[in-house]
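>>> Next come a sequence and a model predicted from it.
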Amino acid sequence: MRSHVPSTSRPVHDLGEIVKAYDIRGTVPDQLDPEVCRALGVAFADVVVLPGADGALSGVRPRAVVGHDMRDSGPALVDAFTQGLVSRGVDVVLVGLCSTDGLYHASGDLDVPGAMFTASHNPARYNGIKFCRAGARPVGADSGLVQVREAAARLLAREVAGLTGAEGAGGAHGDTATRDAVPPGAVVERDTLTGYARLLRSLVDVSDVRPLKVVVDAGNGMAGLTVPAVLGTDAGLPALPLEVVPLYFELDGTFPNHEANPLDPRNLVDLQAAVVEHQADIGLAFDGDADRCFVVDEQGRAVSPSAVTALVGLREVARERSAGRTPTVIHNLITSQVVPELLGAAGARVVRSRVGHSFIKAQMAEHGAVFGGEHSAHYYFRDFFFADTGMLAALHVIAALGEQDAPLSALVAELAPYAASGEINTPVTSSAAADDAVARVVDAWVTGDHGVTLDHLDGLTVSHWSVEPRWWFSLRSSNTEPLLRLNVEAADPVVMAEVRDTVLALVRG
């Protein structure tokens, strides 16, 4: 009789360390390796792909689409993940190098679930996976990601114990022996970049704007592939009245010039200098997987993502109202108060959401929202499968700038009237330490009569906005890192600084 003694040479992977609220993120190879990715491929098939397939009715085999960014670890991890999918009888469409919004386009266009291998702005040693259902619908902790983690963990544990075949994975979809009897899926490769570029061009027409000079910092990330296709002619599209000045377009997952994280002001310095040097009209910076876009004005000053949310939101609201529809716009809870104020005044129904793409995408679909924005520079569009695309937001800003004669600084001046701290991160050693820090803040700001309102939609939000002096702050745990994130906004910069410093002193004890 076979003995199932756990092998001491094979690691037991703790998927709880890498499965976050709305994606998977970990270091390679100690946390994320081919073995883990193969198990995740099986689990994704069992939890997401197969239950949603209608092959029994239509005769169409279940399919999934898979892409990856420019990180060196991507191809091997994708190969292992694909092996897991095909072992469950799932056909796989490989789109190769792409941006995350490019993967969402492929999922939406093909109407199949998808997996994007990326660690976004994280350093080179990281990689990860963003999942979506057919039509680019989100997969997060409350919409299937926990089940994927649990199914993969069971498979890995049984493999460590030496179980195989009918004794093995026991996926979430049917009996393992039955699944093993299904013929393996087929793998095909497909280029979807041209279709992606054509769709974005069709949603915002910038062919008739005044000539503009645009500096783009790709940060050695996937914008080095997507910007020449969308703003240039690499996808065979007509030339636009744009002169693009490229910075760091070479795809390099080691990020030799700077981190591909434009949320950190240090990573905007090169773009800001280049905008001034080239006397450009606008600067754009993308993160590693090119789903987020940050904007710099002609003076080299960063434009708040909340101001971009207001600018793009006003355009989408006006378009909806001109079509006789009442628009809904989603914004997350750390977006500036100017967003609900301006969009509400323009006739939109404004809905507040938790931070994170899976949460806001679910809200987008639930409310049929035309647009959504986050202060992290994620921008979501109904006409892009309710998914986020920084490139489409960039086209909107270029169109708004090029349809009139004023510089970008004047265009956005009224869209950023309040003083904001930006996101300030404080490392925490444990969830208990984070809870203690939040408790100290509650004791100081909430206990007693301080004229504040609070909610716990996502962490702690304390607001004094309805009375003078007007201020609010959000304190929440990161979904991806051991950090407490603080955002403060006030109508007066002195008040903002006072609130910011007081809360930070309490958090840092």
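Sure thing, it's come through.
>>> which residues touch the longest helix along the chain?
The longest helix of the chain (DSSP state H) is helix 305-322. Contacts with helix 305-322, where a contact means Cβ atoms under 8 Å, 6 or more residues apart in numbering, come from 294-295, 326-327, 329, 331, 335-336, 338-339, 342-343, 346-348, 370-371, 373-377, 379, 381, 393, 396-397, 399-400, 411-412, 415-416, 420. Where C-beta positions appear, they are placed from N, C-alpha and C, glycine not excepted.
>>> Please state the offset of the host helix or strand of residue 438 from the chain centre?
Assigned by DSSP states H and E, residue 438 belongs to helix 431-445. Relative to its chain's centre, helix 431-445 lies at 28 Å (Cα atoms, centre = their mean, to the nearest Å).
>>> what packs against it?
Judged by 3 or more Cβ pairs under 8 Å, 6 or more residues apart in numbering; DSSP states H and E, helix 431-445 is in contact with strand 460-463, strand 471-477, strand 483-490, helix 493-507.
>>> Identify each buried residue in it, please.
434, 437, 438, 440, 441, 445 (16 or more other Cβ atoms under 10 Å).
>>> rewinding a little: need the mean per-residue confidence for the longest helix of the chain.
Summarised as a single mean, pLDDT over helix 305-322 is 97.
>>> what does stretch 107-119 give?
Stretch 107-119 shows a mean pLDDT of 98.
>>> do the same with stretch 458-472
95.
>>> first to last residue in it, what's the distance?
Terminal residues of stretch 458-472 are spaced 14 Å apart (Cα to Cα, to the nearest Å).
>>> Tell me where the model's unsure across the stretch 151-300 of the chain.
Counting by pLDDT under 70, the stretch 151-300 of the chain shows low-confidence ranges at 161-180.
>>> hmm, 80 instead?
Scanning the stretch 151-300 of the chain for pLDDT under 80 picks out the ranges 160-181.
>>> so where do the strands sit in it?
In the stretch 151-300 of the chain, the segments counted as strands under DSSP state E, counting those that start in this stretch are 187-189, 212-217, 242-247, 282-286, 293-296.
>>> any chance of those in a markdown table, plus distance to residue 202 and mean neighbour count?
What follows is these, written out as a markdown table (distance: least, Cβ to Cβ, whole Å; neighbours: other Cβ atoms under 10 Å):
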| stretch | distance to residue 202 | mean neighbour count |
| --- | --- | --- |
| strand 187-189 | 25 | 11 |
| strand 212-217 | 20 | 24 |
| strand 242-247 | 17 | 17 |
| strand 282-286 | 20 | 29 |
| strand 293-296 | 19 | 26 |
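>>> As JSON lines, those with distance to residue 102 would be great.
Below are those laid out as JSON lines (distance: least, Cβ to Cβ, whole Å):
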{"stretch": "strand 187-189", "distance to residue 102": "15"}
{"stretch": "strand 212-217", "distance to residue 102": "16"}
{"stretch": "strand 242-247", "distance to residue 102": "18"}
{"stretch": "strand 282-286", "distance to residue 102": "12"}
{"stretch": "strand 293-296", "distance to residue 102": "14"}
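>>> For residue 147, which of these is the nearest?
Of all the strands of the stretch 151-300 of the chain, strand 187-189 sits nearest to residue 147, with 24.8 Å by Cβ to Cβ.
>>> what's in contact with that closest one?
For strand 187-189, contacts defined as Cβ under 8 Å, 6+ apart pick out 82, 86, 91, 92, 93, 94, 95, 96.
>>> quick check, nearest of these to residue 473?
The closest of these to residue 473 turns out to be residue 95 (Cβ to Cβ; 41.3 Å).
>>> tell me which element that closest one falls in.
Using DSSP H and E, residue 95 falls in strand 91-97.
>>> Toward the C-terminus, what is the element adjacent to that strand?
Next helix or strand after strand 91-97 toward the C-terminus (DSSP H and E): helix 100-110.
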